[in-house]
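Trainee: the following comprises the amino acid sequence and a computationally predicted model.
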Amino acid sequence: MKLLFDLHSHTVASGHAYGTLKENVEEAAAKGLKILGTSDHAISMPGTTNPIFFTNYRAIPEEIQGVKILKGIEANVMDYQGTIDVEEKIYPALDYVIASLHVPCIKSGSKEENTSALIGAMKNPYLKIIGHPDDNRYPLDYDRLTDAAKEQEVVLELNNSSFGPASGRQNAWENDLVLLEYCKKKEVPIILGSDAHIFCDVGCFEGCLKILEYCDFPKELVVNRKKKGLLKVLNRVPEWLQ
Ligand SMILES: [Zn+2]
Ligand SMILES: [Zn+2]
């Protein structure tokens, strides 16, 4: 499966990642990606950057070394109502928003509470991607989650890093199998994300491709296959996509 973009990547600005934007872009180009999204952690992640980092995104050109750059953020879901830690003034600077559950930012609750947290976040009109809903530390009701994703037109992420030994997430393979079955049945689209915390992981989707093949997942539901797939996840459409 040919994949055109990776919208989940981190730079040193996140405080616990090790690549620069330049390195990430070069890696994206080397892997044949046409589009790279940079999505550092929002303010509640310990050690991450400041709001001005995001509001100043205009400093980044639209294209570097033949790779189109999209400017995003990985927000933290902060409570079971789904509040995310992005101030209103930041949204105009962003092309897209990912929201995820992270251990330093929210205590895991019951399956119902964790699911309500993500569903609540989906009501934010800027939020179009739920990051790594695949972790045993945050049990989820995948039936409810996929219903809400379908209704709110939010795309669920299949996160490549979750399968790796460096990830703290637990049982991603088993959880993703359940998630993917529901997505398949209800025709809910997914997005593959590397969640690279170092340049060499940018554009790595091996684990994702393996599980998609394993469960015979319909490729039409993978948004990364077509440029137009971006229309499902971006808040503003760049000229080159129109
Ligand atoms: Zn991180
Ligand atoms: Zn994350």
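Mentor: That came through fine. Ligands and ions are numbered 1, 2, ... in the order given.

Trainee: how about stretch 77-86 and ligand 2, touching?
Mentor: No - contact of stretch 77-86 with ligand 2 (C-beta under 5 Å from the ion) is absent, the minimum separation being 10.3 Å. Heads up, the C-betas are built off the backbone N, CA and C, glycines and all.

Trainee: how close does the closest residue in space to residue 34 that isn't next to it in sequence sit to residue 21?
Mentor: Spatial nearest neighbour of residue 34, excluding adjacent residues (C-beta to C-beta, 6 or more residues apart in numbering): residue 4 at 5.1 Å. According to C-beta to C-beta, to the nearest Å, residue 4 and residue 21 sit 19 Å apart.

Trainee: quick one on the thing from earlier: neighbours of the residue nearest to residue 34, just the number please.
Mentor: Using other C-beta atoms under 10 Å, residue 4 has 17 neighbouring residues.

Trainee: tell me the pLDDT of it.
Mentor: Model confidence at residue 4, given as pLDDT, is 97.

Trainee: my guess is residue 222 contacts residue 192. True?
Mentor: Yes - the criterion here is C-beta atoms under 8 Å, and residue 222 meets it with residue 192 at 6.5 Å.

Trainee: just confirm residue 69 is within a strand.
Mentor: Yes - counting by DSSP: H, G, I helix; E, B strand; the rest coil, residue 69 is found in a strand.

Trainee: show me what contacts it?
Mentor: 21, 25, 35-38, 60-63 (C-beta atoms under 8 Å, 6 or more residues apart in numbering).

Trainee: gap between it and ligand 2?
Mentor: Distance, residue 69 to ligand 2, using C-beta to the ion, to the nearest Å: 20 Å.

Trainee: still on that earlier bit, of residue 222 and residue 192, which one has the most company?
Mentor: Taking other C-beta under 10 Å, residue 222 and residue 192 do not tie; residue 192 has more neighbours (25 against 22).

Trainee: now the residue in the chain that ligand 2 sits nearest to. Its backbone dihedrals?
Mentor: Nearest residue of the chain to ligand 2: residue 100, at 4.0 Å (C-beta to the ion). Dihedral pair for residue 100: phi -140, psi 160, per degrees, to the nearest 10.

Trainee: quick one: stretch 149-160 to chain centroid distance?
Mentor: How far stretch 149-160 lies from its chain's middle: 9 Å, per C-alpha atoms, centre = their mean, to the nearest Å.

Trainee: please point out which parts of it sit buried.
Mentor: Residues of stretch 149-160 classed as buried: 149-150, 152, 154-160 (neighbour count, 16 or more other C-beta atoms under 10 Å).

Trainee: pLDDT, secondary structure and distance to ligand 2 for these - can I get that in TSV?
Mentor: Formatted as TSV, the buried residues of stretch 149-160 follow (pLDDT from 0 to 100; DSSP: H, G, I helix; E, B strand; the rest coil; distance: C-beta to the ion, whole Å):
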residue	pLDDT	secondary structure	distance to ligand 2
149	98	helix	17
150	98	helix	22
152	98	helix	20
154	98	coil	16
155	98	strand	15
156	98	strand	13
157	98	strand	9
158	98	strand	13
159	98	strand	8
160	98	coil	12
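
Trainee: please name every helix or strand in contact with the helix ranked longest in the chain.
Mentor: Identified as the longest helix of the chain according to DSSP state H is helix 172-186. If you count contacts as 3 or more C-beta pairs under 8 Å, 6 or more residues apart in numbering; DSSP states H and E, helix 172-186 packs onto helix 142-152, strand 155-159, helix 206-214.

Trainee: perfect, that will be all.
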